[in-house]
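Participant: Kindly return the folded structure for what I paste below:
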Amino acid sequence: MKNLGNPYTVSNLLSFIRLLMAVPFWIMLNDSTPGPYNYVVLLVLLAVITDVMDGYLARKFNQISEWGKIVDPLADKVCIGAIVIQLFLHGRLIAPVFYVLILRDVIIFIAGIFVTKKIGMVLPSNYLGKGTVMVIGFYIIFLLLDLTKHHHLINTLFIYAIVALSGASLIGYGMRAFEAIKGKTE
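Facilitator: Numbers count the residues shown, from 1 in each chain. Below is the predicted model:
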């Protein structure tokens, strides 16, 4: 793989901070006290903001690097994984959504390793993937605020959106990976 670029950029620092947020997410959600998790909601909002800002800053200051292409989606996967595992273990996330979220991230992670070995570079995130992560983030906030009991329709819409976007992002990633590998071998 080619040079990973400068890891010491503001955008990469934001991604790394988001990666480290998985630890407080895990610890704070390990408390099985029922009710909303207000501090975790604030951290999730901060994670969503850093996710949007890291890509924006990397493009604005022309600091897109292989390093950032690795840390940014890894931070998303680790944070989402920590949160959804805890929510599932505490009965706040239904099994089908849990499996969709975990399988999506595992498949993309493993495929990403394969594609990177084949083409010698990391496929960057795209808007579909970023949008999927954002919807998942808002659904996590919805769950953390314990709104599912009173807003069944919104909960159902979130679930369908997550399943549809997860499927679409997997297909989109697969198509991009296929094209990148095909282009590299031609």
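Participant: separation between the most centrally placed residue in the chain and Leu46?
Facilitator: Centroid check for the chain by C-alpha atoms, centre = their mean gives Asp76 as the closest residue, at 3.1 Å. Noted for Asp76: a distance of 14 Å to Leu46, by C-beta to C-beta, to the nearest Å. (Each C-beta comes from the backbone N, C-alpha and C, glycine too.)
Participant: And for Arg59?
Facilitator: On the measure of C-beta to C-beta, Arg59 and Leu46 end up 21 Å apart.
Participant: Next, the buried residues of stretch 95-108.
Facilitator: Val97, Val100, Leu101, Ile102, Arg104, Asp105, Ile108 (16 or more other C-beta atoms under 10 Å).
Participant: can you list the residues you listed in CSV and add distance to Tyr39 and secondary structure?
Facilitator: Listed next are these as CSV, based on distance: C-beta to C-beta, whole Å; DSSP: H, G, I helix; E, B strand; the rest coil:
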residue, distance to Tyr39, secondary structure
Val97, 23, helix
Val100, 27, helix
Leu101, 22, helix
Ile102, 24, helix
Arg104, 27, helix
Asp105, 24, helix
Ile108, 29, helix
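Participant: OK, contacts around Leu144?
Facilitator: Leu144 makes contact with Pro36, Tyr37, Val40, Val41, Val44, Leu87 under the criterion C-beta atoms under 8 Å, 6 or more residues apart in numbering.
Participant: same check, this time on Arg104
Facilitator: Thr132, Ser166, Ser169, Leu170.
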